[in-house]
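Visitor: Okay, predicted coordinates and the sequence, questions at the end:
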Amino acid sequence: MTMKGTLHFIGIIDKIEEKEERILIFPEYCNGLRGIEAFSHLIVLYWLHQRDNEEERSILLVFPRRHAVNVETGVFACRSPSRPNPIGLCIVELVTVKGCTMIVKGLDALKDSPVVDIKPYIPRADSIPDARVPVWTQRGPPT
């Protein structure tokens, strides 16, 4: 089955220092930020532009690098940047919003990564305290 869709990048990542990042939202999407300052945390979806090639998109089995075990895992069972659709996801702390610019903390995207979408983090909906995960995910740095 072949399906097509259209993706519109809404902004771009601009690193400003080690602990804070700037997200620049394109002017035509700036109105979409209205009310976002009421949230302390956001979910940022971004395009892993340095992995956007046929070789990286064809990788389906990986050894997750950020964990202390060497378990071959499917890309849909880990957070590998190599995947059929190179979309990254990160929960960030919102520091401030000025016009079309957001300053955030904790973003793991690279400079110039296109922004796919931003969603508010809502603990009631986005946190599952009793979620089941494999043992190997409990070691290593946060992903």
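Guide: Received, thanks.
Visitor: Grab the longest strand from the protein for me.
Guide: Ordering each strand of the chain by length in residues (DSSP state E) puts strand 87-98 first.
Visitor: domains for this structure, by residue range?
Guide: Domains of the chain are assigned by automatic domain parsing as 8-48+86-122, 57-84.
Visitor: mean confidence score for the last one?
Guide: Going back to what we said before, that points to domain 57-84. Domain 57-84 carries an average pLDDT of 84.
Visitor: What's the end-to-end length of that domain?
Guide: This stretch, domain 57-84, spans 4 Å end to end (C-alpha to C-alpha, to the nearest Å).
Visitor: Let me know the outermost residue of this structure.
Guide: In the chain, the residue that sits farthest from the middle, by C-alpha atoms, centre = their mean, is Met1; the gap is 27.4 Å.
Visitor: Any chance you could list what contacts stretch 101-117?
Guide: For stretch 101-117, contacts defined as C-beta atoms under 8 Å, 6 or more residues apart in numbering pick out 7, 9-16, 19-25, 33, 36, 42, 44-50, 87-88, 90-97, 118. (C-beta placed from N, C-alpha, C; glycine too.)
Visitor: For Glu17, give me the pLDDT.
Guide: We have a pLDDT of 77 for Glu17.
Visitor: Could you do Tyr121 as well?
Guide: Model confidence at Tyr121, given as pLDDT, is 97.
Visitor: Surely it touches Ala38?
Guide: No - counting by C-beta atoms under 8 Å, Tyr121 does not reach Ala38; the two are 11.7 Å apart.
Visitor: Can you pick out the residue with more neighbours from the two?
Guide: The neighbour comparison of Tyr121 against Ala38 (other C-beta atoms under 10 Å) goes to Tyr121, with 17 against 7.
Visitor: returning to that earlier point: walk me through which strands the next helix-or-strand element following the longest strand of the chain pairs with, and which way each runs.
Guide: Counting by DSSP states H and E, the next helix or strand C-terminal to strand 87-98 is strand 101-105. Strand pairing for strand 101-105, using DSSP bridges, gives strand 20-25 (antiparallel), strand 87-98 (antiparallel).
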